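# take a look and give me a structure for this.
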Amino acid sequence: MKILVVGNGGREHALVWKLKQSERVEKIYVAPGNAGTADLAENIEIEATDIDRLIKFCKEEKIDLTVVGPEAPLVVGIVDAFEAEGLKVFGPNKAAAQLEGSKVFSKDFMKKYDIPTAKYESFADAKEAIDYIKKEGAPIVVKAEGLAAGKGVIVAQNVDEAVRAVEEIMVNEKFGEAGERIVVEEFLAGEEATVLAFTDGETIVPMIPSQDHKPAYDGDKGPNTGGMGAYAPAPIATEELMAKVYEEILVPTIEGLKKEGITFKGVLYSGLMIVDGEVKVIEYNVRFGDPEAEVVLPLLKNDLVDIIEAIIEDRLEDVGIEWLNQTSVCVIMASGGYPVAYEKGKEISGIKEAEAEDIIVFQAGTDFKDDKLVTAGGRVLGVTALGNGYQATIDRAYEGVKKIDFADAHYRTDIGAKAIK
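Residues are numbered from 1 along each chain as shown. From the prediction side, this is the model:
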């Protein structure tokens, strides 16, 4: 079969890498892809949100299945548009994608269906938001309502910082339309975890739990990013806790959507905060996380095509999903200055030397310039190692990182440290 993967990040490289292992796959295209996907598939110069051109391409090339990686095309309704044209596509529809596309929708939804989350208020007026912050005090969390590439959440340690965040988002329009409304919520002190789940709208199959590292610097310091690394499985998500997540979060989410007349089919991402054994939802995403995909997909034993088709055809309950009994660690190598200002076009060397039997280098912000591999984004590479035991796997990942070089490369040195602790 012929497959189109939509997107151009590390997650999409991981999806292509996994899909290519299927004996059923004859050819993979990626729109628009990156230098890493070009090694495994054929990149097509069509942007992920150019739905009309993507549909035209799928019809001309007789694509059997389209797999949507990033959130932006899902939120604008790529699945609805493809289905209207009779094209097979993997991902939630526009109504379901509101869970990620609108933080106000998702918080109101959680409140309505008693899904545990932080106390919050939403605002369309900056002055009202600032008055509320001054009343509540800090630390406090300020979130742009819409999509902001993982950077629209500010954890403010004091009131002045929170006020500045409101002004940046609502007055200075740092995230454009995504900041027309904001959510201000209580700060939860605990440990984060991510639980991804496959679902066809009836059956829900949680994946191996993982833990992302959002802040830019060691010790969870600095501004939030799209993610500086991840590991799986996350030991904080015990069997007992996973049972709670299933019963108190995943099932009520899918059932609540059904009551709203919405069927969710695809990958549901629950970003969780664990406080004294209790679990609360920080955020929903409606697709594989990035970098979580880079640690979870390498542990999946099944043919991903089989799972995707079962979800589309409402028969996920027939698929027995299995996982490798190993650990997986991904360290993100970013451009110096990320997530604020950074330069592109720095030559990258050492990837072939880094890649070994148990190390995969997933490319994210990369491109070719004058036949040289160069940086083309904030998060450049995800160096993923597989192994037995956390320390050994962490060591392997960093061995890989040290073999790769580009000017001003920045990475955290403590990815996975919490697993050992």
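
# which non-adjacent residue is nearest Asp114?
Using CB to CB, 6 or more residues apart in numbering and skipping the chain neighbours, the partner closest in space to Asp114 is Pro252 (6.9 Å). The C-beta positions use only the backbone N, C-alpha and C, and glycine is treated the same way.

# and for that neighbour, the neighbour number?
17 (other CB atoms under 10 Å).

# what mean pLDDT does stretch 275-295 have?
Averaging pLDDT along stretch 275-295 gives 95.

# same question for stretch 31-49.
Mean predicted lDDT for stretch 31-49 stands at 98.

# buried set for stretch 164-180?
165-166, 168-170, 174-175, 178-179 (16 or more other CB atoms under 10 Å).

# centre of the chain to it, how far?
23 Å (CA atoms, centre = their mean, to the nearest Å).

# same question, stretch 253-267
On CA atoms, centre = their mean, the centre of stretch 253-267 falls 20 Å from the chain's centre.

# give me the buried positions along that stretch.
253-254, 256-257, 262-267.

# repeat for stretch 110-125
110, 115-118, 120, 122-123.

# do stretch 242-250 as well
242, 244-245, 248-250.

# in helices only, show me those.
Among those, the members found in helices (DSSP state H) are 242, 244-245.

# out of those residues, which one sits closest to Val183?
Here the nearest of these to Val183, counting by CB to CB, is Val245; it sits at 21.9 Å.

# need the nearest residue in space to that closest one, chain neighbours excluded.
Leaving aside its sequence neighbours, Val245 sits nearest to Val195 (CB to CB, 6+ apart; 5.3 Å).

# check which helix or strand covers the one you found.
Using DSSP states H and E, Val195 maps to strand 191-199.

# so what does that strand touch, helix or strand wise?
The elements that strand 191-199 packs onto, with contact taken as 3 or more CB pairs under 8 Å, 6 or more residues apart in numbering; DSSP states H and E, are strand 204-206, strand 211-212, strand 266-275, helix 292-296, helix 304-312.

# still on that earlier bit, my guess is the residue nearest to Val245 contacts Ser270, does it?
Yes - contact criterion CB atoms under 8 Å: Val195 and Ser270 qualify, at 4.9 Å.

# now do Met242 against Val205, distance only.
Using CB to CB, to the nearest Å, Met242 is found at 12 Å from Val205.

# cool, and Val374?
With CB to CB as the criterion, Val374 and Val205 are 39 Å apart.

# could you do Val331 as well?
28 Å.

# more neighbours, the two?
Shown here are Val331 and Val205; by other CB under 10 Å, Val331 has more neighbours (27 against 19).

# hang on, that one packs against Gly382?
Yes - between Val331 and Gly382 there is a contact under CB under 8 Å: 7.4 Å.

# mind listing the helices for the stretch 1-150 of the chain?
Taking DSSP state H, counting those that start in this stretch to define them, one finds helices in the stretch 1-150 of the chain at 10-19, 37-40, 51-61, 71-75, 78-84, 94-101, 103-112, 126-136.

# by contact count, what packs against the second one?
So that's helix 37-40. Partner elements for helix 37-40 (3+ CB pairs under 8 Å, 6+ apart): helix 10-19, strand 27-32.

# which positions in that helix come out as buried?
Buried residues in helix 37-40 (16+ other CB under 10 Å): 37-38.

# other residues contacting that helix?
For helix 37-40, contacts defined as CB atoms under 8 Å, 6 or more residues apart in numbering pick out 5, 8, 12-13, 16-17, 20, 28, 30, 43, 363, 368.

# for the first one, same thing?
Outside of helix 10-19, the residues that reach it under the criterion CB under 8 Å, 6+ apart are 3, 5-7, 25, 28, 30, 33-34, 36-37, 40-41, 67, 69-70, 287-291, 293-294, 297-298, 300, 304-305, 332, 360, 362-364, 379, 381-382.

# just the buried positions in the lengthiest helix in the chain, please.
Counting residues, the longest helix found in the chain (DSSP H) is helix 390-402. Buried residues in helix 390-402, counting neighbours by 16+ other CB under 10 Å, are found at 390, 393-394, 396-398, 400-401.

# re the thing from before, which one of the buried residues of stretch 242-250 is nearest Asp80?
Distances from Asp80 to the buried residues of stretch 242-250, taken by CB to CB, are shortest for Leu250, at 23.7 Å.

# contacts only, for the closest one.
195, 197, 199, 204, 206, 268, 270.

# nearest to Val153, of the residues you listed?
Checking the contacts of Leu250 against Val153 by CB to CB gives Ser270 as the nearest, at 15.5 Å.

# how many neighbours does that closest one have?
Neighbour tally, Ser270, other CB under 10 Å: 23.

# where's Ser22 relative to Val305, distance?
Ser22 is 4 Å from Val305, by CB to CB.

# more neighbours: which of those two?
Between Ser22 and Val305, counted using other CB under 10 Å, Val305 has the larger neighbour count: 21 against 17.

# is Thr194 in a bridge, and if so with what?
Thr194 forms beta bridges with Ser210, Gly271, as assigned by DSSP bridges.
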